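> One predicted model, sequence on top.
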Amino acid sequence: MDQTGAFQASYFGIGDGAPVGEYKVLVFMLETPPGGGLPVDRFQGRYLNEDHPVATLTVRPGENDCGTIELGKK
């Protein structure tokens with residue numbers, strides 16, 4: 001995710017997109033703590049529950065735009 005919140009889906013490698021299909025959207029954002037150390041999830045796992053995904057998306061052949069996904073407080 002960039003500073004504007006834009007992102008690209010990746011499946012096998014960075015920027016390769018996602019194969020056609022149905023997807024559950026889960027979100028995490030790794031950040032290095034001040035002073036160093038191992039990266040931690042900025043959202044503390046709030047958006048990583050497969051039973052309650054942030055969104056579901058359908059990827060079709062060609063270019064896809066998932067619109068805006070709002071992350072509310074959980």
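Looks like it arrived, so ask away. Numbers count the residues shown, from 1 in each chain.

> tell me the contacts of residue 50?
Under the criterion of CB atoms under 8 Å, 6 or more residues apart in numbering, the contact partners of residue 50 comprise 24, 26. For every residue, glycine as well, the C-beta is placed using N, CA and C.

> measure it to residue 33 for me?
Taking CB to CB, to the nearest Å as the measure, residue 50 falls 27 Å from residue 33.

> quick one: buried residues of stretch 39-51?
Counting neighbours by 16 or more other CB atoms under 10 Å, one finds that the buried residues in stretch 39-51 are residue 47.

> tell me which element the residue of the chain positioned farthest from its centre is part of?
No residue in the chain sits farther from the centre than residue 35, which is 25.9 Å out by CA atoms, centre = their mean. For residue 35, there is no helix or strand it lies in under DSSP states H and E.

> Let me know the pLDDT of it.
The model reports residue 35 with a pLDDT of 93.

> where in this structure is pLDDT low?
Residues of the chain meeting the criterion pLDDT under 70: 1, 73-74.
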